[in-house]
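Engineer: pasting the sequence and the predicted coordinates here, then a few questions.
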Amino acid sequence: MHHVGMTVTDLAAAVAFFEALGMELEGKAHMEGEFVDGVIGLGGSSSDIAMMKTPDDRYRIEFSQFQTPRSIDGSSRAPINALGLRHVAFVVDDLDDTLARLEPHGAELVRNVETYEDVLRTCYVRGPEGVLVELCQYFR
């Protein structure tokens, strides 16, 4: 897998949130023209993208903010059982610290931080655009 793509209405907020989570900005670009339109299937598209990577350089998330055509809400507040891409999961060293770092960026705890046996602590938070992010802290 190379990357997962997400469309947002506030690129700066998405970048800031995922930087607070520990990802690194790999690069930004403006995308438009026949090549892009041919790939994504939208005529006259114009967007700005930001590619974020994990510190180990293994995984990437591409965020796109469209100027044209205008973005539509794909049920950004849908519950976890809705069809389609629902969440991105990250292993963190300190769940409480991670939640504290994400809070200023609008992270909303979906319900509770739960502990599964003596294996892990985990929770879901909603980030920018309602993206569900699962955080997992394993006991070692």
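Structural biologist: Good, I have the coordinates. Treat the numbers as computed from the prediction; the structure is a model and nothing was measured.
Engineer: wait, is Ala16 part of a strand?
Structural biologist: No: under DSSP: H, G, I helix; E, B strand; the rest coil, Ala16 sits outside any strand and is assigned helix.
Engineer: that one: how many residues sit nearby?
Structural biologist: One way to gauge burial is a neighbour count; for Ala16, by other C-beta atoms under 10 Å, it gives 16. (Each C-beta comes from the backbone N, C-alpha and C, glycine too.)
Engineer: would you confirm that it contacts His105?
Structural biologist: Yes: Ala16 is within contact range of His105, at 5.6 Å (criterion: C-beta atoms under 8 Å).
Engineer: list the contacts of stretch 40-56.
Structural biologist: Around stretch 40-56, the neighbours that count as contacts under C-beta atoms under 8 Å, 6 or more residues apart in numbering are 3, 11, 14-15, 18-19, 22-32, 36-37, 59-69.
Engineer: can you rerun that using 7 Å?
Structural biologist: For stretch 40-56, the external contacting residues (C-beta atoms under 7 Å, 6 or more residues apart in numbering) are 11, 15, 18, 22-32, 36-37, 59-69.
Engineer: straight-line length of it, end to end?
Structural biologist: Stretch 40-56 stretches 29 Å from its first residue to its last (C-alpha to C-alpha, to the nearest Å).
Engineer: that concludes my questions; thank you for your assistance.
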